[in-house]
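Visitor: the following block contains a protein sequence and its predicted model.
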Amino acid sequence: RQPWFFFMSYFHVHTPLFTNRTNRGRSRGGQFGDNVEEMDDSVGRIIDTVDQLGFTNDTLIFFTSDNGPYQEEGWEFSGRTNLYNAAGEHLGRMKG
């Protein structure tokens, strides 16, 4: 087998600029959560394909992150982790 390289860069979750119609309203995290769900599905499909092609034991997968959406939205929106109680009511956001 020949070595190969695949690079997938997601800008999705920084600022929820768009969400596929099938994922809108999918999560309790609003537009941001819907974008995270959509990205999670995409990563899963990539990993499933690597497995189906028989490359799992010969593949390194790296997950990295940049510094977030601050240029687009400003520092006041840093820390996007929403908190919910058992009833699903929004309690606020963790700051990070």
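Guide: On my side now, so go ahead. Nothing here was measured: the structure is a model prediction, and the numbers come from that model. Residues are numbered from 1 along each chain as shown.

Visitor: where does pLDDT dip in this structure?
Guide: 12-14, 65-82, 94-96 (pLDDT under 70).

Visitor: rerun that using 50 as the cut-off
Guide: 96 (pLDDT under 50).

Visitor: all helices of it, in order?
Guide: Using DSSP state H, the helices of the chain run over 30-52, 70-73.

Visitor: which one of these is the most hemmed in?
Guide: helix 30-52 (a mean of 15; mean count of other Cβ atoms under 10 Å). C-beta here means a position set from N, CA and C on the backbone, and glycine is covered the same way.

Visitor: and it, what does it pack onto?
Guide: On a contact count with 3 or more Cβ pairs under 8 Å, 6 or more residues apart in numbering; DSSP states H and E, helix 30-52 meets strand 81-84.

Visitor: quick revisit: dump the helices of the chain to JSON lines, plus distance to residue 89.
Guide: Output for the helices of the chain, formatted as JSON lines (distance: least, Cβ to Cβ, whole Å):
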{"stretch": "helix 30-52", "distance to residue 89": "14"}
{"stretch": "helix 70-73", "distance to residue 89": "25"}
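
Visitor: looking at those, which is closest to residue 85?
Guide: Closest approach to residue 85 among those (Cβ to Cβ): helix 30-52, 16.0 Å.
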